[in-house]
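*Asks:* got a predicted structure here, sequence first:
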Amino acid sequence: MNDDRDHHPLHTPVIDWFDDNARDLPWRRPEAGAWGVMVSEFMLQQTPVSRVLPVYGQWLERWPTPGALAADPSGEAVRAWGRLGYPRRALRLHAAATAIAQLHNGEVPTDHAELLALPGVGEYTAAAVASFAYGQRHAVLDTNVRRVFARAVTGVEYPPNATTAAERRVAHRMLPADEATAARWAAATMELGALICTARGPECVRCPIAGQCAWRLAGSPEHDGPPRRGQTYAGTDRQVRGRLLAVLREATEPVPQAALDAVWHEPVQRARALDGLVADGLVEPLQDGMYRLPG
DNA sequence: TACTCGTGGTG
DNA sequence: TCACCAAGAGT
């Protein structure tokens, strides 16, 4: 087992760059613990760091352990989620905390398979918690890492829309053999994608591996595959759901149907959105046409 | 697989 | 200005 087989030329420059440029984020501090890491990973799913920071601090102050969150109603989690978006994540984080309290003695599991079994924990989050919180060796494939590998290794501007087996193979092939180094590598590649190798306007002049980047060496060819799916929002059920839930988040008492009817003019879509929120467990219907966040 | 699911900042 | 983008998961 000589080093040449376990070490890739990109490892040292990326990790050295991370040593000098890593942001001081609260979930990276030792006192965050595994629960802090898990909370941050839920909040960061499709949501920028800048918007997560204030909510994360309030959340950990109020619910410093999974058991503390599990002891409160799920609706309180939805309320505290605020405007982070995708509020089902709040519900799933509450459900994950409940499972941790009941099945794992209140401790965030260290085992990857047990993490994956928790509500709201998928391929990425399970690997991220195991790697960042527990220093384990896992391929952590988020949108940043996928973009870094697409460029530096594969030589294309953007990764596919959905994670492919080929991407997983690249990630595993690139993963350092040593456990602690692998965990460092995971955080470093993610940070490189977030700060330098960004989707639009990458700062290649500041990139520690610009000289070895397959995409640069190929002349930075533009993306040529199928168009990346845009996310239309205006006029969708998601917008209506957002407005409905905003009313309920800001209300301390149950809200009458009329208050919800006021947020959207079209009755069929409005009813469909409300039904969807109830079906998702984000809204609880009471008697006499009153609604509230789940108690 | 492709689609749904929020919200707000930005080039 | 507005389409794109942001530490994905579930179905």
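*Replies:* That came through, no problem. Residues are numbered from 1 along each chain as shown, chains lettered A, B, ... in the order given.
*Asks:* the closest residue to A:Leu217 other than its chain neighbours - how many residues pack around it?
*Replies:* Leaving aside its chain neighbours, A:Leu217 sits nearest to A:Gly155 (7.4 Å; criterion: Cβ to Cβ, 6 or more residues apart in numbering). Every C-beta, even on glycine, is put in place using the N, C-alpha and C of the backbone. Residues lying near A:Gly155 (other Cβ atoms under 10 Å) number 16.
*Asks:* likewise for A:Arg292?
*Replies:* Number of residues near A:Arg292 (other Cβ under 10 Å) recorded here: 16.
*Asks:* need the contact list for it.
*Replies:* A:75, A:248, A:251, A:253-255, A:283-284, A:286 (Cβ atoms under 8 Å, 6 or more residues apart in numbering).
*Asks:* so how far is A:Cys213 from the residue nearest to A:Leu217?
*Replies:* Distance, A:Gly155 to A:Cys213, using Cβ to Cβ, to the nearest Å: 8 Å.
*Asks:* before we move on, what about A:Thr65?
*Replies:* Distance from A:Thr65 to A:Cys213, by Cβ to Cβ: 43 Å.
*Asks:* what's the answer for A:Asn161, then?
*Replies:* Distance of A:Asn161 to A:Cys213, given as Cβ to Cβ: 22 Å.
*Asks:* just the C-alphas of stretch A:203-221, formatted as CSV.
*Replies:* Extracted in CSV, the C-alpha atoms of stretch A:203-221 (Å, rounded to 0.1, in the frame of the first residue of the first chain):
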residue,chain,number,x,y,z
GLU,A,203,-12.8,32.6,-9.9
CYS,A,204,-10.3,30.4,-11.6
VAL,A,205,-7.5,32.9,-11.0
ARG,A,206,-7.9,32.1,-7.3
CYS,A,207,-8.3,28.4,-7.7
PRO,A,208,-5.6,26.2,-6.2
ILE,A,209,-6.1,23.5,-8.9
ALA,A,210,-6.6,25.7,-11.9
GLY,A,211,-3.5,24.4,-13.5
GLN,A,212,-4.8,20.8,-13.2
CYS,A,213,-8.4,21.4,-14.0
ALA,A,214,-9.6,19.3,-16.9
TRP,A,215,-12.3,21.8,-17.9
ARG,A,216,-9.8,24.7,-18.0
LEU,A,217,-7.2,22.6,-19.8
ALA,A,218,-9.9,21.9,-22.4
GLY,A,219,-10.5,25.7,-22.9
SER,A,220,-13.5,26.0,-20.5
PRO,A,221,-16.1,24.7,-23.0
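*Asks:* tell me the mean pLDDT over it?
*Replies:* Over the span of stretch A:203-221, the pLDDT mean works out to 98.
*Asks:* that stretch near DNA strand B at all?
*Replies:* No - using Cβ under 7 Å from any atom of the strand, we find that stretch A:203-221 stays clear of DNA strand B, coming within 11.1 Å at best.
*Asks:* just to revisit the earlier point, is it possible to mark the buried ones in the contacts of A:Arg292?
*Replies:* Buried members of the contacts of A:Arg292, scored by 16 or more other Cβ atoms under 10 Å, are A:75, A:248, A:254-255, A:283-284.
*Asks:* which SS class is the closest residue to A:Val263 other than its chain neighbours?
*Replies:* The spatial neighbour of A:Val263 that comes closest, neighbours along the chain excluded (Cβ to Cβ, 6+ apart), is A:Arg243 at 4.0 Å. Following DSSP: H, G, I helix; E, B strand; the rest coil, we place A:Arg243 in the helix state.
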